[in-house]
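**Q** structure of the sequence below:
(3 chains)
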Amino acid sequence: MGPDDDRRMRILATVDAIPRGRVASYGQVAAEAGLPGRARLVGRLLRELPAGSRLPWHRVVRSDGSIAGRGDGEAMTEQRRRLVREGVTLEGRGRVPRERFWRGC
DNA sequence: CGTTTGACCGAAA
DNA sequence: GTTTCGGCCAAAC
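**A** Modelled structure (predicted):
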C-alpha cells in the first residue's frame, strides 16, 4: 500500500462525510483531506469511481455551485437528480446556493 | 520520453 | 457577467 492509496482513502472518506442535503466543492474536499490545492485530484478520483459506488459523489460540486462536466453528460444529469432527490435545490443557472455548502463558504 | 488533457480554483483582466 | 492564466499533477496519448 503506497502513499497514493492513503491520499485516495482520505479523499473518499471526506466525500463520504459530507452530510445529506449539503454539498462541498472539489477544493473544499481536497483541503479537508489534507491536500490543499489538489482539487483536480478529487475530480479525477470521483470520475473513476465504479458505477455502483456507495459514495455520495453527487454532493461534490464546483466552487461556484455549478455541476461539473461539459455540456452533455450522464453524470451531470444523474447528479442533479440525486441532489434534488435529497432536497438540494438548484437556482438560477443550475447553481447550488452558498448556504448549502458544507460549513459555510 | 514530451505533450495534452481534465467531474478544478482563485485571482486578474 | 466573460475569458485568461498560473498553479496543480496523474493518466492518456
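
**Q** buried residues of stretch A:68-81, list them for me.
**A** A:Ala68, A:Ala75, A:Met76, A:Gln79 (16 or more other CB atoms under 10 Å). (Glycine included, C-beta is placed from N, CA and C.)

**Q** filter these by proximity to DNA strand B?
**A** Subset of the buried residues of stretch A:68-81 in contact with DNA strand B: A:Ala68, A:Ala75, A:Gln79, counting by CB under 7 Å from any atom of the strand.

**Q** close to DNA strand C: what parts of chain A are there?
**A** A:Asp4, A:Gly37, A:Arg38, A:Ala39, A:Arg40, A:Leu41, A:Arg44.

**Q** now do the helices in chain A.
**A** A:3-16, A:26-32, A:39-47, A:74-85 (DSSP state H).

**Q** count residues in the vicinity of whichever residue of chain A sits closest to DNA strand B, would you?
**A** Proximity of chain A to DNA strand B (CB to the nearest atom of the strand) peaks at A:Arg47, 2.7 Å away. By the criterion of other CB atoms under 10 Å, A:Arg47 has 11 neighbours.

**Q** which residues touch it?
**A** Listed by CB atoms under 8 Å, 6 or more residues apart in numbering, the contact set of A:Arg47 reads A:Ala75.

**Q** if we go to 6 Å?
**A** For A:Arg47, the contact set (CB atoms under 6 Å, 6 or more residues apart in numbering) is empty.

**Q** quick check: A:Val42 touching A:Tyr26?
**A** Yes: under the criterion of CB atoms under 6 Å, A:Val42 makes contact with A:Tyr26 at 4.6 Å.

**Q** looking at those two, which is more packed in?
**A** Neighbours around A:Val42 and A:Tyr26, counted as other CB under 10 Å, are more numerous at A:Val42. The numbers are 27 against 23.

**Q** list the contacts of the more buried one.
**A** Here A:Val42 is in contact with A:Ile11, A:Tyr26, A:Val29, A:Ala30 (CB under 6 Å, 6+ apart).

**Q** nothing else from me, thank you.
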